[in-house]
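I'll drop the sequence and a predicted model, then ask my questions.
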Amino acid sequence: MLNHQISRRDFLKLATTGTLAFALSDLKLDRALAASNVTQGLMTISGVPLYDAPSFLANQIHLFGKDQVADVTGIEENGDEGNPFNTVWYRLNNEGYTYSGLVLPVETKYQKPIFSVPANGQVGEITVPFSDTKVDPYVYAKRGYRVYYGSTHWVKKVVVTREEKSIWYQIYDSELKKYFYVSSHDMRLIPNDELTLLSPEVPGDDKLIVVERETQMVTAFEGDKMVFSQRCSSGSKGTETPKGEFRTYHKGPAVHMTNQGDAIENIYNLPGVPWCSFFTGAGHAFHGTYWHNDYGRPRSHGCVNLLPGDAKFLYRWTLPNVPADADYVHLPGEGTRVQVI
């Protein structure tokens, strides 16, 4: 998976001596955010500026609104530093440049409907920039919440509305204990072979995930061999990801994360957080992120934010393995080892 290798022993030694960032630079692992296949970008906040050059000091030529979609027509890897590990800027609509941390890479891939799901349900992922759910399976029904590209949801059944000739997936939100409906064209049902355990031949205790908070890196090892290394966003000041030794003992493919009801400020309400591998009882997890692209900067409420594809790799690679027809597994004392340093 990686062109450059560093052993687990050397990695931990470099981390403890504060020289890991230099080694990652030498291995060319310090600019892992420059994805060359990005074709569309979704604005994550209101007022995202478009500049006439890849610099925060350049002239602003436009402000995008939240959830606006733009074509990514080029990538500049050496723009102004948006965070200590990200200098990537996107050229949008052939007009100007925007810092990549403010733009979510998305696609528009409409799906052919599937007309049945297993009795216990099936996980599905959104494959368009965003989709507005409905509280009833009709085009003009009342809106539910908006769901975003890469988010995942537990599909309970398929509903065909013959009057409208429309096809909907009924999703269940276990946090709200409510059902919503997603257009079948906006969601891909995940086949079972995408949920199998990766590297099943590797003994459980030979797998290790290291979260290095200083460099914002998540790195996975099989024995002494590095098999995964990507930039993350760990907990920000006041909600830091805890240091220590843990295990990924409870997991789910789609979780509605919220602190409503127990927080006075910094409320978050995030349905469909994808590929969650929890490693504490307080809710710290590796998971995919659809509300920012600013990896390399601590900015979570304690979890370890990753690109959805990276979170899916860890979800499939770690123990316990979650069966395709299960929306959650909880096995205290088991799981893959995690070390946060």
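The structure has been received and is ready for your questions. Residues are numbered from 1 along each chain as shown.

So what are the structural domains in the protein, by residue number?
32-106, 122-190, 204-340 (automatic domain parsing).

could you give me the average pLDDT of the longest one?
Mean pLDDT, taken over the full extent of domain 204-340, equals 95.

How far off centre is it?
Using CA atoms, centre = their mean, to the nearest Å, the mean C-alpha position of domain 204-340 is found 10 Å from that of the whole chain.

let's number from 37 now, not from 1
Got it, first residue is 37 now, which makes that one domain 240-376.

returning to what we had before: dump the domains of the chain to TSV, plus distance to Leu234.
Quick note: C-beta positions are derived from backbone N, CA and C, even for glycine. Below are these laid out as TSV (distance: least, CB to CB, whole Å):
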stretch	distance to Leu234
domain 68-142	20
domain 158-226	15
domain 240-376	4
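
Quick check: which of those domains is nearest to Leu233?
Minimum separation from Leu233 across those (CB to CB) falls at domain 240-376, 4.3 Å.

Now do that closest one: distance from first to last residue.
With CA to CA, to the nearest Å as the measure, the ends of domain 240-376 fall 18 Å from one another.

Identify the bridge partners of the residue at minimal distance from the centre of the chain.
Centre of the chain computed as the mean C-alpha position; nearest residue by CA atoms, centre = their mean is Gly324, 1.8 Å away. Residues in a beta bridge with Gly324, per DSSP bridges, are Leu342.

picking up where we left off before, looking at the domains of the chain, which is closest to Leu50?
Per CB to CB, nearest to Leu50 of the domains of the chain: domain 240-376, 9.1 Å.

just to revisit the earlier point, can you name the residues that contact the residue nearest to the centre of the chain?
The contact partners of Gly324, by CB atoms under 8 Å, 6 or more residues apart in numbering, come to 186-188, 309-311, 342-348.

coming back round to it: closest to Ile150 out of the domains of the chain?
Closest approach to Ile150 among the domains of the chain is made by domain 158-226 (5.3 Å; CB to CB).

Could you tell me the end-to-end distance of the closest one?
7 Å.

With stretch 171-183 instead?
End-to-end distance (CA to CA), stretch 171-183: 13 Å.

swap in stretch 80-89?
Using CA to CA, the two ends of stretch 80-89 sit 20 Å apart.

quick one: buried residues of it?
Buried residues in stretch 80-89, counted by 16 or more other CB atoms under 10 Å: 80, 84-87.

Tell me which residues are up against it.
With CB under 8 Å, 6+ apart as the test, stretch 80-89 has contacts from 94-102, 104, 128, 131-134, 138-140, 327-329.

just the buried members of those?
Buried residues within those, defined by neighbour count using 16+ other CB under 10 Å: 94, 100, 128, 132-134, 138-140, 328-329.

Among these, name the ones in helices.
In helices, defined here by DSSP state H, there are no members of the buried ones among the contacts of stretch 80-89.

Mind checking which of those are in strands?
100, 128, 132-134, 139-140 (DSSP state E).

wait, Asn295 sits on Ile303?
Yes: Asn295 is in contact with Ile303 according to CB atoms under 8 Å; the separation is 6.3 Å.

So between these two, which is more surrounded?
Asn295 (16 against 11; other CB atoms under 10 Å).

the strands in the stretch 87-236 of the chain, which residues?
Along the stretch 87-236 of the chain, counting by DSSP state E, counting those that start in this stretch, strands occupy 96-100, 105-112, 125-128, 132-135, 139-142, 158-162, 166-170, 179-184, 188-197, 202-209, 214-219, 223-225.

For stretch 332-340, give me every contacting residue.
Contacts with stretch 332-340, where a contact means CB under 8 Å, 6+ apart, come from 69, 119-122, 137, 247, 249, 252, 254, 267-273, 275-278, 293, 295, 302, 304, 318-323, 328, 341.

Okay then, goodbye and thanks.
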